[in-house]
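> Pasting the sequence and the predicted model now:
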Amino acid sequence: MMMRFGLGLLLATVAFPALADPLPSWNDTATKEAIISFVERVTDPASGDYVDPADRIAVFDNDGNLWAEQPMYFQFIFALDTFKTMAAADPSLAKTDVLRAAAAGDLGGVMAAGEAGLLEVVQASHSGMSIEAFQDSVRAWLDTAVNPKTGLRYRDMTYQPMVELLRYLRDEDFQTYIVSGGGIQFVRAFSEDAYGIPPQNVVGSYLDYDYAVVDGAPTVSQGADIAFIDDKAGKPEGIMRHIGLRPIFASGNSDGDFDMLQWSTAGEGPRLGVLLHHTDGVREFAYDRDSHIGRLNRGLDEGPGLGWVIIDMANDWNRIYAGAQ
């Protein structure tokens, strides 16, 4: 009896270390507190806000939210690099002014045509390949291509704080998904390595698909026509098409994500919308209302009134990129 009492007294007086911080790259601000508080409430069976694990769906935009998106979306840079190589091997592919500009590496000439010009280059560079061959080409590009400002490979410009958040949610039995305006097959090529999100948990824009038996092998290839754009109102539509449940946690960074956060947080029960505001022009890129990419107006104006958490990158994160110390 004395031995048991002595052991109990010893345990009562030992100072045990606190549980590990699930978000070490986040500063101890109200933003971090709000996210952790939400997760604790919906995962505690004794809480009135408890949510069954089957309904713990969390969705994340990719460009500008899980990795950087400046000076332009990385997929478009990949498309330009790819088409330039294709046109060097076969100049006849450069059939239009936009494609001739892309073949010459004239980014300004492509961008002068606006979104339509960028999509034209995407279609020309992405179509006709099997899904496997296309994803192999994406991975090869990510292994070598470097961002001109940061000097980092594009694949290393994932946001370490968001990688930690994804891991934290999964540790708490959330199912995490990417819901991106980018191409679904492009993102699927790296989503598991970069974020721990398997290909089947990626929702995105896509070209149509062609099935054929090629040299005796059943093959699915990307077609030439755009079948679906997963942006703005397309995001809730894409979620219902692929996931079939309204998320309780939604994270984005631009007005292209507004509809996704609005719809996700409008459901019954506890829900959280999170917007990443790019306020750090020293370690990353500072932009919002007037940016040609990742424009954020409506989210800043309406998000706080809807109860959304706004991440201030400069103040809330002590580290930016996963690939840089």
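Ah, there it is.
> hey, let's count contacts and neighbours off CA atoms from now on
OK.
> Could you tell me the phi and psi values at M240?
Per-residue torsions, M240: phi -70, psi -30 (degrees, to the nearest 10).
> Next one: it, what pLDDT does it get?
pLDDT recorded at M240 is 98.
> which residues touch it?
R246 (CA atoms under 8 Å, 6 or more residues apart in numbering).
> now it: how far from M260?
M240 sits 11 Å away from M260, taking CA to CA, to the nearest Å as the criterion.
> tell me the mean pLDDT over stretch 265-282?
Stretch 265-282 carries an average pLDDT of 98.
> and if you look at stretch 42-56?
Stretch 42-56 carries an average pLDDT of 98.
> Show me what it is in contact with.
Contacts with stretch 42-56, where a contact means CA under 8 Å, 6+ apart, come from 41, 172-175, 245, 247-249, 269-270.
> Buried among these? Need that as a selection in ChimeraX.
In ChimeraX, a selection of the buried entries from the contacts of stretch 42-56 looks like this (16 or more other CA atoms under 10 Å):
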select :41,172,173,174,175,247,248,249,270
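> can you tell me which of the contacts of stretch 42-56 are in helices?
R41 (DSSP state H).
> Can you report how many residues lie near the residue nearest to A34 when sequence neighbours are not counted?
Distances taken as CA to CA, 6 or more residues apart in numbering place V309 nearest to A34, at 7.5 Å, with adjacent residues excluded. Per other CA atoms under 10 Å, the neighbour tally for V309 reads 19.
> so V309 bridges to which residues?
V309 has these beta-bridge partners by DSSP bridges: V274.
> Next up, the contacts around it.
31, 34, 272-275, 303.
> List buried residues within those.
If we count by 16+ other CA under 10 Å, the contacts of V309 have these buried: 31, 272-275, 303.
> Roughly how far does P304 sit from R139?
38 Å.
> One more: A227?
Counting by CA to CA, the gap from A227 to R139 is 24 Å.
> Next one, pLDDT for the closest residue to R155 other than its chain neighbours please.
Excluding its sequence neighbours, the residue lying closest to R155 (CA to CA, 6+ apart) is L142, at 5.5 Å. On pLDDT, L142 comes in at 98.
> and L142, how many neighbours does it have?
18.
> Pull the contacting residues for it.
Counting by CA under 8 Å, 6+ apart, L142 touches 153-155.
> Now flag whichever of those is closest to D280.
When the contacts of L142 are compared for distance to D280 (CA to CA), Y154 wins out at 18.4 Å.
> show me the contacts for that closest one.
74, 142, 145-147.
> so which of the residues you listed is the most crowded?
That'd be F74 among the contacts of Y154, by other CA under 10 Å, with 20 neighbours.
> related to what we said a few turns ago, now, the contacts of Y154 that are in helices?
Per DSSP H, the contacts of Y154 map to helices at 74, 142.
> Pick out whichever of the contacts of Y154 sits closest to A212.
So of the contacts of Y154, ranked by how close each gets to A212 (CA to CA), first place is L142, at 28.6 Å.
> Could you measure from that closest one over to F78?
Counting by CA to CA, the gap from L142 to F78 is 9 Å.
> Now do the strands in the stretch 51-200 of the chain.
57-60, 175-183 (DSSP state E, counting those that start in this stretch).
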